[in-house]
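# structure for this input, please:
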Amino acid sequence: MRQRRNRSSTRAVLPAEQRERKRAPQLPRNQDWHKLTRAWWRDVWRSPMASEYLQVDLHGLYMLAALLDRFWEAPSTALAAEIRLQRQCFGLTPIDRRRLQWELKRAEAVSRKQPRSMDQDESDVEDPRRAFRLVK
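Residues are numbered from 1 along each chain as shown. Model (predicted):
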């Protein structure tokens, strides 16, 4: 049997909602964090991506939080570029999750329309092709 050998080791299906919510680690207390940085920190740990983070990832997230905090105090394009680069590692944007092959588990969509049965008369359905006319 032939199988692909180049499978990604980062592939994961992330839960749409956290069943067992991990307790968010505290931001270091050695500084007064900007309110937007604290909100970002809460959002990261409430997100489905948090289920993929290991203890070792915490150090990178602390560095990213420090960069964000500096950005909110004095925005600059250099800080924004570094934040963008660091953020990629943690799957924090849709394109980053796609690159890591992380998929969010979606709830099953319930169709309100009843499927058409094979024996249903199709004469009551207007054929959209009838709007076309032959042009010479």
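# from here on, contacts and neighbour counts on C-alpha atoms
Will do.
# the chain: helices as residue ranges?
For the chain, helices defined by DSSP state H occupy the ranges 35-46, 57-73, 77-88, 94-100.
# the second one: which residues count as buried?
Of all the residues in helix 57-73, those buried under the rule 16 or more other CA atoms under 10 Å are 61-62, 64-71.
# could you say what helices and strands it packs with?
Packing partners of helix 57-73 (3 or more CA pairs under 8 Å, 6 or more residues apart in numbering; DSSP states H and E): helix 35-46, helix 77-88.
# any regions of the protein where pLDDT drops low?
Along the chain, the parts satisfying pLDDT under 70 run over 1-22, 106-124.
# swap the cut-off to 90 and go again
Filtered on pLDDT under 90, the chain yields the residue ranges 1-24, 30, 46-55, 88-136.
# distance-wise, check residue 52 relative to residue 41.
Residue 52 sits 16 Å away from residue 41, going by CA to CA, to the nearest Å.
# okay, these two: which has more neighbours?
When residue 52 is set against residue 41 and neighbours are counted by other CA atoms under 10 Å, the residue ahead is residue 41, at 19 against 14.
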